[in-house]
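*Asks:* Let's see this in three dimensions:
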Amino acid sequence: MTTVTLVVNGAATTLEVPPRLTLADALRDKVRLTGTHVACEHGVCGACTVIVDGLAVRSCLMLAVQADGAEIITVEGLARHDGLSALQAAFRKHHAVQCGFCTPGILTTMHALLTEEPDADEERIREVLSGNLCRCTGYIPIIAAVMEARAAYARREPAP
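*Replies:* Residues are numbered from 1 along each chain as shown. Modelled structure (predicted):
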């Protein structure tokens, strides 16, 4: 076992993990944050995307020991204390979710994009979104929601 210290959604967390445990499994099984979903386990679908030190990362491909000392934001960390983030509210408004399995990865991916590029145009949003597979909603309501949420990021919405 190896000791790792992470800051997850603003809270310092120390874990004892086997050296080959993925970050996704550590978040789900050790930290009990089950919003991060595991699907393909090959980094292709994007369902397991979390934000590690500001970057969208496939947590099924990263070992927990590699994240030692990192700041991690999961989908649970996107919500604000007073309610949904602007991005989450836009997803709700535009019905940009069906079964919801892919939604956490899409939300974290789009949050990372808009944090860095609040003026991302539709083409850029589509390009980044292409790394997240959704089999239910189609992408039109997702893109509409992200386009609407850009204004909040341009105003520098406080980080969760």
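*Asks:* surely Asp62 meets Leu21?
*Replies:* Actually, residue 62 is Met rather than Asp. No - applying C-beta atoms under 8 Å as the test, Met62 and Leu21 come out as separate, 10.4 Å apart. C-betas here are computed from N, CA, C, even on glycine.
*Asks:* Can you give me the domain assignment for the protein?
*Replies:* Annotated domains of the chain cover 2-76, 86-154 [automatic domain parsing].
*Asks:* Include mean pLDDT when you put the ones you listed into JSON lines, please.
*Replies:* Below are those laid out as JSON lines (pLDDT from 0 to 100):
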{"stretch": "domain 2-76", "mean pLDDT": "96"}
{"stretch": "domain 86-154", "mean pLDDT": "93"}
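*Asks:* Any chance of a markdown table for the ones you listed, columns mean neighbour count?
*Replies:* Output for the domains of the chain, formatted as a markdown table (neighbours: other C-beta atoms under 10 Å):
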| stretch | mean neighbour count |
| --- | --- |
| domain 2-76 | 18 |
| domain 86-154 | 18 |
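*Asks:* Can you verify Arg6 is assigned to a strand?
*Replies:* I think there's a mix-up here, since residue 6 is Leu and not Arg. Yes - the assignment for Leu6 (DSSP: H, G, I helix; E, B strand; the rest coil) places it in a strand.
*Asks:* can you pull the pLDDT of Pro158?
*Replies:* With respect to pLDDT, Pro158 has a value of 52.
*Asks:* Report the central residue of this protein.
*Replies:* The centre of the chain sits closest to Thr108, judged by C-alpha atoms, centre = their mean, with a distance of 2.3 Å.
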